[in-house]
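S.K.: fold the following and give me the result.
(one chain, ligands or ions: 2)
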Amino acid sequence: MGTALVYHEDMTAPRLLWDDPECQIECPERLTAALDLLRQCGLEQRCTRLSTREASEAELGLVHSLEYVALVRGTQALGEAELQALSGQYDAVYFHPSTYHCARLAAGAALQLVDAVLAGTVRNGLALVRPPGHHSQRAAASGFCVFNNVAIAAQHAKQKHGLHRILIVDWDIHHGQGIQYIFEDDPSVLYFSWHRYEHGRFWPFLRESDADVVGRGQGRGFTVNLPWNQVGMGNAEYLAAFLHVLLPLAFEFGPELVLVAAGFDSAIGDPEGQMQATPECFAHLTHLLQVLAGGRVCAVLEGGYHLESLAQSVCMTVQALLGDPAPPLLRPMVPCQSALVSIQRVRAAQAPHWTSLQENDSAPLLGPRTRSPDERPPPQLPGGPVCEAAVAVPSCPLGQLCLCPIPPVRTAAALTTPVASLILPPGVLLQEGSASMEKTEAWARLHRSLAQDEALMALGKLLNLLDGILDGQVGSGVVAIPAPAATATLDVVIQQSLSLRTERVLCVVLGQLDRPLDLADDGRTLWLHIRGQEASALSMFQVSMPLPGTTGGFLSCILGLVLPLAYGFQPDMALMVLGPAHGLEVPQAALLATLLRGPAGGRVLALVEEGSAVQLAGVLASVLQGQAPPSLGPFVSASAEDSQALKYLRRQLGARWGMLQVEAEADWGCLPP
Ligand code: Q9C
Ligand code: ZN
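M.R.: Ligands and ions are numbered 1, 2, ... in the order given. Model prediction:
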């Protein structure tokens, strides 16, 4: 199932006919720049092109008043002076004779996209539209927006497709107050927006954009505002917002559809946003959203006024929708204090409405399952944690868009079972070849457990696949390993990986498996064991955590610990090791593999002990190829013990791994603005 691109060239028609410095940035070139770069990168050609239709007046009526629709209809016949006079009645709006037609096309494009995704014709898609929509209200245009494209699409999905839960993610840098007003009392639509706020001193200057505004009546807790109070927020801050605010709530909500109000004025170089997130960040955000709603993600363009930055960010979004791995983000990944204050405030405001944000404060912090690590000070993270968003914003270092080379083989599997070919999804290469006997035996001499024929054969295949990944011929892989040789095999894989061009390897280990004894604690491997009897950190690169017993506990472990560490570490490759007695259910394993693709540039090697390989290999191969993971099932809150363990590790490691933090340093929240 593919990715839709919805576009109609009529939407390049609206343009500002008089002089107005505030409105001139919303120009026709925004669409052509995005489309041109999509073509140049070969991305447009990989999408399913959908035709665009005008939304009917009844469909506009799902959100807007008939009088307002009639008023906008009337602008088609107005002359320039009348258009200018009418525009002046709204805040930051211009009308053009083509506005009514194009605003209906923009809403229609969002509807076409939602219809195609819900019909199953495509998995996901992007609508490239003008005018944008998220500021427009029941009876008012605002901020270049005429009809509220995303809100209309959400109402349509509820009424025509019978959906009960829709998530709207508004990553535009302005607050989509229009969407907020339309759904503020509606618990079937969870609206998340981050926005430049500066304590209310940034447009649209609304009190209701702040973090403590959470919705009304039945809709309390279904409006989530994350105000940024400084400019210069970047990749670390955006990812932290997703991991610590949006995704925990989204998983608990369990949406059937994700709509993105996809404004790219939140990207670097944009004159409105003044933020620092690079285009690659949008590939990661898009990748993260695809673990929700079976991957049904519909993105609809909103703002974005730096043509180059806009076009590159659009390409990154489409590439992620197509299932390609996201390019690595640049170090250091440490959110600034101002962002942490905002994150802390929104978590506190939403905690009464979401169990995943409730931290069981009643229990003692050092419970029986946690113990202190040894007293040795942890080694320094190379690069050092310095990144203050508020410090001087450098001029836009926006280079050529680097589309990472896509390996000829996306995913390969090396399995030992005779039914291997039957359990793999189409497109996954079943690897038969082996590394040379010489090489395999040389490694096997290091470990007695590798001497048996069976272990040796598995090792040969594994080494061959690993070479493919390290050479860039293969993107990711799934390998079955004989249980008795699991620790030894992992030792070989780590050593072999680190001997070749790879600087950092992330090992996420489940089940009974020991950390190889000769593994150096030198910052090149991050060993994260999700099985321990207790939460403990022997150093910043050796962490263990009990396997949580509920879906909620598992999610907070992945979102609150594994991904923050992984994004902070920025590995060249991730090993996901499911050893004997790993205890993971199939959807949990699939979710973990999917999410590890993000920080690892798509290079994930899953090592699965033979006993569960038949059950897991197919689904792991399919998510590593870019398919959406299956649902975890009903959300069940984390146990008090599991939240304690996470909180303990956050305390222990937060100073060294900034991405773990969900709170600002003590005195920051109290500083005057
Ligand atoms: N310098 C959208 O991005 N002007 N609309 C604010 C602050 C209005 C933005 C002036 C910006 C409207 C869809
Ligand atoms: Zn905007």
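
S.K.: what's the neighbour count on Gln84?
M.R.: 17 (other C-beta atoms under 10 Å). Backbone N, C-alpha and C define where each C-beta goes, glycine included.

S.K.: beta partners for Glu609?
M.R.: With DSSP bridges as the criterion, Glu609 is bridged to Ile481.

S.K.: distance of it from Gln512?
M.R.: 9 Å (C-beta to C-beta, to the nearest Å).

S.K.: residue of this protein nearest ligand 2, please.
M.R.: Going by C-beta to the ion, ligand 2 is nearest to Gly303 of the chain, at 2.8 Å.

S.K.: tell me the contacts of that residue?
M.R.: Listed by C-beta atoms under 8 Å, 6 or more residues apart in numbering, the contact set of Gly303 reads 26, 132, 144, 172-174, 263-265, 270, 272.

S.K.: which stretch of helix or strand covers it?
M.R.: Using DSSP states H and E, Gly303 maps to neither a helix nor a strand.

S.K.: so how far is Ser313 from it?
M.R.: For Gly303, the distance to Ser313 - C-beta to C-beta - is 11 Å.

S.K.: so for Glu609 and Gln512, which residues contact both of them?
M.R.: 579-580.

S.K.: just give me the neighbour total for the nearest residue in space to Ala77 that is not next to it in sequence.
M.R.: Excluding the flanking residues, the one nearest Ala77 by C-beta to C-beta, 6 or more residues apart in numbering is Pro97, at 8.0 Å. Look at Pro97: counted by other C-beta under 10 Å, it has 16 neighbours.

S.K.: just to be sure, Val577 is in a strand?
M.R.: Yes - according to DSSP: H, G, I helix; E, B strand; the rest coil, Val577 belongs to a strand.

S.K.: does it touch Leu513 like I think?
M.R.: Yes - the pair Val577 / Leu513 is scored as a contact, 6.3 Å apart, by C-beta atoms under 8 Å.

S.K.: so which strand or helix has Leu490?
M.R.: Using DSSP H and E, Leu490 falls in helix 486-498.

S.K.: what of Val260?
M.R.: Taking DSSP H and E as the definition, Val260 sits inside strand 257-262.

S.K.: that strand - what's its average pLDDT?
M.R.: If you average the pLDDT over strand 257-262, you get 99.

S.K.: describe which strands it pairs with in its sheet and in which direction.
M.R.: strand 166-170 (parallel), strand 297-301 (parallel).

S.K.: the first one and ligand 1, are they touching?
M.R.: Going back to what we said before, that points to strand 166-170. No - Strand 166-170 is not in contact with ligand 1 by C-beta under 6 Å from any ligand atom; minimum separation 10.1 Å.

S.K.: can that strand be said to contact ligand 2?
M.R.: No - figure legend: strand 166-170 not in contact with ligand 2 (C-beta under 5 Å from the ion); closest approach 9.2 Å.

S.K.: which strands and helices sit next to the helix or strand following that strand?
M.R.: For strand 166-170, the succeeding helix or strand toward the C-terminus, using DSSP H and E, is helix 177-183. Applying 3 or more C-beta pairs under 8 Å, 6 or more residues apart in numbering; DSSP states H and E, one finds that helix 177-183 contacts helix 149-161, strand 166-170, strand 189-196, strand 223-228.

S.K.: now do stretch 359-374, average pLDDT.
M.R.: 47.

S.K.: okay, and the common contacts of Gly303 and Ser313?
M.R.: Phe264.
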